[in-house]
Structures are given as C-alpha cells and as structure tokens.
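In: Here's a sequence, model it:
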Amino acid sequence: MAAGTGTPAPAPLLIACALGIERLALRGGLGGAAGPVTVLRTGMGPQAADRAITRALGEGAPLSEAAVIATGFCAGLAPGMHPGDLVVADETRDRDGRTECAGVELLAKELARSVGGRAIHTGPLVGSDHVVRGAERAALHAAGALAVDMESAATLRSAVRAGSRPVAAVRVVVDAPEHELVRIGTLRGGISAFRVLRTVLPAFFEWHRSLLLPRR
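Out: Numbering: from 1, shown residues only. Next up, the predicted model:
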C-alpha cells in the first residue's frame, strides 16, 4: 500500500541494460517517474542477462512485480539505418523462442516526442550470443529481424518466466550495415548513440504510467 492512502503502491519499473556506458547514459534522468525505477546493469550476453533478471525478479524480491524494459545499444540490420536511430521491438526472438512486447505504439509515439528528428523503427529484435557481422547480419535481416543485440531476448524471456508482467525493448542503433563500429564510444556513431540513449527515459516513464491507469 502507498503510505497513508490505503491504495496499492505503483508497480516498479526495471530498466535493464548490459554495459556500464549504457547505465551511465540512463542514470542522468530518473526524475519524473510514476513509480520506483531501477536501472540494472546485467552484464554482457544472454546468460548474464538471464541470471541478473531472474535474481532481480525472484519471488519475494522488491522488484518481483516490476514491468521490464530492455534497452541499450544494438546493431541495425536494415539498409539505410544510421547510428542514433531507435528500434522499438514488437517482439524479441532467439533460438529459445519469442516474447511479445507491450505498448509498442505508445512507446514509439513517446520516443518521437523525446528524441525529435531521429528515425524510429518498429519490428522484431533478434538475440545473439555473439557480435554479428557481414553475411550473418544480412541473413538475420532476410529472416525478418530489424536489429540484433545480445541481451534483450533473454531479458524479456526471463522476465515473463518470473511472472506475468508488461515487457518492452527499445534499443539505439550504434552501428548499421553501412556504418559498422569497431569499438563503442570511440567513433562518431557510438557518441551519437550515447547521446540518444540519454533522452529515452521520458518515453519509458510514459509507457510505465500508462500501465498504471485503470483499464476501461
């Protein structure tokens, strides 16, 4: 219960990312949330994400009923994508299955307000256990995926396995077929993606707030 109100406290929001640089970008704008917010650095790769999310959402844990957003950087798969573009997943995929995302249209609309001028792409986000390059990137795109990263699919699958909850994934393109990076943060595309990631929190908060509204 919320203190002194007799009404349930708002469900928390868990924002999961893999890298320290992603967490740094996200931690600068946590004011204005509709409820408690935690930014969790899971570590790189699907196994690390699975372990971190399972632990954070475990039975009896403070975040056990949290809505979950996976975010951070990704590799764009579609020709014409640029560093700093945003990908809003309608589902995540990997070899272990698919997870449907909630509130996709709302997230895309709110991101358009938050990051004015950036392209926003909506579609499947595929998970991999390694960095994807060249022909493999083209093959994933041919199979229908829009972007690839190493943690989102495992994060959302682990979240819904821990209990029924809304989940979403929003990623910032750090490299694309015509703009491949060698190291995140050292080239222009990495800097651009970092700056965009710093602007996404208002859209996440609106998504979370919409989940707290009474259903009609």
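In: where exactly do the helices run in the chain?
Out: 20-26, 46-56, 104-114, 134-142, 152-161, 188-197, 201-212 (DSSP state H).
In: How far off centre is the helix or strand of the chain with the lowest mean pLDDT?
Out: For the chain, counting by mean pLDDT, DSSP states H and E, helix 188-197 ranks last in confidence among helices and strands (a mean of 78). Between the centre of helix 188-197 and the centre of its chain there are 16 Å (CA atoms, centre = their mean, to the nearest Å).
In: hang on, the earlier thing: which among the helices of the chain is found nearest to residue 84?
Out: Residue 84 lies closest to helix 188-197 among these, at 4.1 Å (CB to CB). To be clear about C-beta, it is placed using only N, CA and C from the backbone, and glycine gets the same treatment.
In: just for this protein, where's the confidence low?
Out: Scanning the chain for pLDDT under 70 picks out 1-10, 28-34, 177-190, 213-216.
In: rerun that using 90 as the cut-off
Out: The model of the chain has pLDDT under 90 over residues 1-11, 27-36, 59-62, 79-80, 82-83, 114-117, 129-138, 174-195, 198, 210-216.
In: residues contacting residue 63?
Out: Shown in contact with residue 63 (CB atoms under 8 Å, 6 or more residues apart in numbering): 12, 14, 38, 56, 57.
In: who does the closest residue to the third one other than its chain neighbours bridge with?
Out: Going back to what we said before, that points to residue 38. Of all residues not flanking residue 38 in the chain, residue 14 sits nearest, at 5.2 Å (CB to CB, 6 or more residues apart in numbering). Beta-bridge partners recorded for residue 14 (DSSP bridges): residue 38, residue 68.
In: what's the neighbour count on residue 14?
Out: Neighbourhood size, residue 14 [other CB atoms under 10 Å]: 25.
In: quick one, the least confident helix or strand of the chain and helix 104-114 angle?
Out: Angle, helix 188-197 to helix 104-114, by axes from the mean of the first three to the mean of the last three CA atoms, to 10 degrees: 100 degrees.
In: about what we covered before: my read: the residue nearest to residue 38 touches residue 52, true?
Out: No: using CB atoms under 8 Å, residue 14 is not in contact with residue 52; the gap is 10.1 Å.
In: anything in contact with each of the two?
Out: Counting by CB under 8 Å, 6+ apart, the contacts common to residue 14 and residue 52 are residue 40.
In: ok now do residue 167, which residues does it touch?
Out: 67, 68, 69, 70, 99, 101, 102, 156, 159, 160.
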